[in-house]
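Novice: my questions are about this predicted structure, shown below with the sequence.
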Amino acid sequence: MVDYRVEDQFAILEINNPPVNALSLHVREGLLNGVLRASADNNVKAIILIGKGKTFPSGADIKEFSRPGKAPWLPEVGHTIESSNKPVFSALHGTALGGGLEIALFSHYRIAEKTAKVGFPEVHLGLLPGAEGTIRLPRLTGLVIAMEMITSGRQVSAKEALKFGIVDKVVEGNLLKETKAFAKSVLGQPLEPRKLSLCGVKDADQVDKYYEAALKELLKKYRGVIAPVSCLKSIRGSAQLPYKEAAELERTLFSELMSGAQSAALRYSFFAERAASRWNLPNGASSANSKPLTIKSAAVIGAGTMGSGIAICLIRSGIPVILVEQNEKMLENALRNIGYILQGSVKLGRMTVDQRSDCLRILQGAASIEKLKDVDIVIEAVYENLKLKQEIFEKLDKICKPTALLCSNTSTLDIDLIASVTSKPDRVAGTHFFAPAYIMKLLENIYGSKTSPITVATIMDLGKKIGKISVLSKTCDGFIANRMNKIGTEAAFLVEEGALPHDIDQVLEDFGMPMGVFKVSDLSGIDIGWSIRQEMAKKQGITLTLETHYVSGERYSSLADRLYNLGRLGLKTGKGWYRYNNASNSRKPIIDPDVTDMILNHCEKLRIKRRQISPQEIIERCLYATVNEGFKILEEGVAEKPEDIDIVWQYGFSFPRYRGGPMFYASQVGLKKVYERICYYHESFPYSKHWLPSDLLKKLVSHPNEVPINLWMNYTNSKL
Ligand SMILES: CCCCCCC[C@H](O)CC(=O)SCCNC(=O)CCNC(=O)[C@H](O)C(C)(C)COP(=O)([O-])OP(=O)([O-])OC[C@H]1O[C@@H](n2cnc3c(N)ncnc32)[C@H](O)[C@@H]1OP(=O)([O-])[O-]
């Protein structure tokens, strides 16, 4: 794992632990032994640490964190490096992150290849740099930069690292050769000034001021998240305490974080995100054995908010797009708006003026779909209406080349029904973007019963290419995201029973959701949900009225329909579940007594006796109903694994990552407890079939060993 060789009186310790040279036990042993051996070898003048393959170590081995670890620990390896009698040079390329950067900070000198990046991403895992990174970085960069880098987890370029004093030289060409050349230029110089444990923090006298300012920012930016504040405390220790005591404080804070629920959830999320990109179809096809097609051109049908957003995602990645819209005025507006949105990206420094021009150059509008005969993929993003979509797909089937993929941005409709009107259902799939499509990271891809593995591979690959996190779902009503989302349904029932919209929003926001469900509903538009409900009613051949309380034996709340009838369509009309000050263009929701009156009126009409509802009940009703549906989704194979569901929730609904996602959250609460509460609510609300306990969940609780291991992750069994 660490190859040792001597060349030109340099001991080269080459770390070889693909794919990212993580600092696993054998790497730590190899480094420790290698440094001791080189230090004792009279033929060696200096030691070079370098990574084989694509990178210098990108951190500690995160997989080791879930099992009891073994010495030597990283700080011990680090101190052996620093106290060597020979100068140690770290030669950085790729991504020198976390423990990797800490090893470099124990070295006496750091040389970086021009394209290298360095950083401390531990905070994203709910941790802090635990091998004295929080003590050493401030000694090089000063407190402000160290605070910013460590609490944000930002990776900085080699050039920036040089400016900050993190690296001593940036080189181009052969990294090892350049490192040797640099080493020769400093050989013989005293090592003591290069040992960070012997240096002070330059701006230590300012620490309280910097700490307070940074803390204020962090509490605002990362509400409810523990690690950034612990990082800050440890950095403060680096300035206030003698080195050894600061290191002890860092270790204590690190251990606290490591044993906490947030880090467990964040580490799970790291692996879940990577697991979600791997997929298996029931017919044996998988991401491992299916090759994607190359997408060189695309078309988007419908120039509304979604269509325009999808077009932006594609052109930003260099894929030429034809945006189709029958209504000329709307097309003109959409093209102009896309220009404005990209202008906004330029202002935010996310793209250059030239990049914006390149994007706009590969975007063209068209009034009819006749022009789409040569494109590789079509993404339809028109109104959520099956008949309309089928008409479009029927036409596309005739116009597009036989190899073109035909995709729908539907959020609920059955892909098989859409595919059924085409002659090539194997080429039809769902590509469900989340609004705003050019910001939200999730792409929920949907396969139907006839979708081919090549089509699946291509849309999953396309997601990655356009910077999305792709998750695969089998077709069903609502797919993973919307089928599972029972928060809105239960929230409306809770309002009928006694809570008010802002009570529920507050509880959900305290839980960590960035925005409560009623605020989200106002933002996306009350009419959106209304038309979905109307479509559903039409399918069932029923008419919904404001007094409808049951639909096909299922409890139904018409509260949102009342808002729709009042023309309260949400933010766009200045009124919805909340009121908005349109005069000042404010998006800030204001509690509206008219809504409270409407709710009380509604309850009176339906003779519902209102009661006090606790925050605990709000969380349980909103989340456990969702989790129960998640287990049904797993049972039916709609989602292949719980990780897929959790990633959908993190990236589609901004579920707090530090809680892992609804399925992981349930495992942390304890599946037995969750199951018991689901049974209790099922008894209390027999007319809501989403409370009918999932068989899989029941089996997991009563006979965990009978559940196929790939359906659930290791974390769960320990919590049962
Ligand atoms: C006594 C106290 C001791 C305390 C010691 C504390 C030390 C320290 O402060 C703590 C840390 O370093 S915490 C760590 C701080 N460091 C970080 O947080 C860095 C985390 N890593 C990254 O950000 C990205 O992986 C890179 C940017 C490195 C590469 O991106 P890319 O090129 O797109 O590649 P990719 O697709 O992302 O990954 C490829 C494969 O590698 C896998 N894997 C990756 N890193 C791993 C790791 N550290 N480990 C294990 N595995 C790791 C990954 O799962 C995937 O596996 P799969 O089976 O193929 O799915």
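Specialist: Done, it's in. Numbering: from 1, shown residues only.
Novice: just give me the neighbour total for the closest residue to the ligand within the stretch 151-300 of the chain.
Specialist: Of all residues in the stretch 151-300 of the chain, Arg274 sits closest to the ligand, at 3.7 Å by C-beta to the nearest ligand atom. Heads up, the C-betas are built off the backbone N, CA and C, glycines and all. Arg274 is flanked by 12 other residues according to other C-beta atoms under 10 Å.
Novice: quick one: classify it as helix, strand or coil.
Specialist: Assigned with DSSP: H, G, I helix; E, B strand; the rest coil, Arg274 falls in the helix class.
Novice: what's the answer for Leu443, then?
Specialist: strand.
Novice: okay, it: pLDDT?
Specialist: Looking at Leu443, its pLDDT stands at 98.
Novice: tell me the spacing between it and the ligand.
Specialist: 17 Å (C-beta to the nearest ligand atom, to the nearest Å).
Novice: that residue: what's it in contact with?
Specialist: Listed by C-beta atoms under 8 Å, 6 or more residues apart in numbering, the contact set of Leu443 reads 431-433, 459, 462-463, 466, 468-471.
Novice: quick one, phi psi at Ser157?
Specialist: phi -70, psi 160 (degrees, to the nearest 10).
Novice: neighbours of it, how many?
Specialist: Ser157 has 16 nearby residues by other C-beta under 10 Å.
Novice: contacting residues for the closest residue to it other than its chain neighbours?
Specialist: For Ser157, ignoring the flanking residues on the chain, the nearest one in space by C-beta to C-beta, 6 or more residues apart in numbering is Lys117 at 6.0 Å. Shown in contact with Lys117 (C-beta under 8 Å, 6+ apart): 94-97, 155-158.
Novice: against Ile301, how distant is Lys609?
Specialist: Applying C-beta to C-beta, to the nearest Å, the value for Lys609 to Ile301 is 50 Å.
Novice: alongside the ligand, which residues does this structure contribute?
Specialist: Within the chain, the residues that sit near the ligand (C-beta under 6 Å from any ligand atom) are 19-20, 22, 58-63, 73-75, 95, 97-99, 102, 121-122, 125, 127, 129-131, 133, 251, 254, 271, 274.
Novice: confidence score at the closest residue to the ligand within the stretch 401-550 of the chain?
Specialist: Of all residues in the stretch 401-550 of the chain, Lys464 sits closest to the ligand, at 9.9 Å by C-beta to the nearest ligand atom. For Lys464, the pLDDT comes out at 96.
Novice: so for the strand or helix carrying it, what gets flagged as buried?
Specialist: Here Lys464, judged by DSSP states H and E, is contained in helix 453-465. The neighbour-count criterion (16 or more other C-beta atoms under 10 Å) identifies 453-463, 465 as the buried residues of helix 453-465.
Novice: quick one: which of those residues is nearest Gly188?
Specialist: Lys465 (51.0 Å; C-beta to C-beta).
Novice: once you drop chain neighbours, what's closest to the closest one?
Specialist: Per C-beta to C-beta, 6+ apart, closest to Lys465 is Ser317, 5.5 Å.
Novice: quick check: Leu494 touching Ile504?
Specialist: Yes: distance between Leu494 and Ile504: 5.9 Å, which falls inside the contact criterion (C-beta atoms under 8 Å).
Novice: now do the shared contacts for these two.
Specialist: Here Leu494 and Ile504 have 618, 622 as joint contacts, going by C-beta under 8 Å, 6+ apart.
Novice: ok, the two, which is more surrounded?
Specialist: Taking other C-beta under 10 Å, Leu494 and Ile504 do not tie; Ile504 has more neighbours (26 against 21).
Novice: contact partners for Phe511?
Specialist: Counted by C-beta under 8 Å, 6+ apart, Phe511 has contacts 619, 623, 656, 659.
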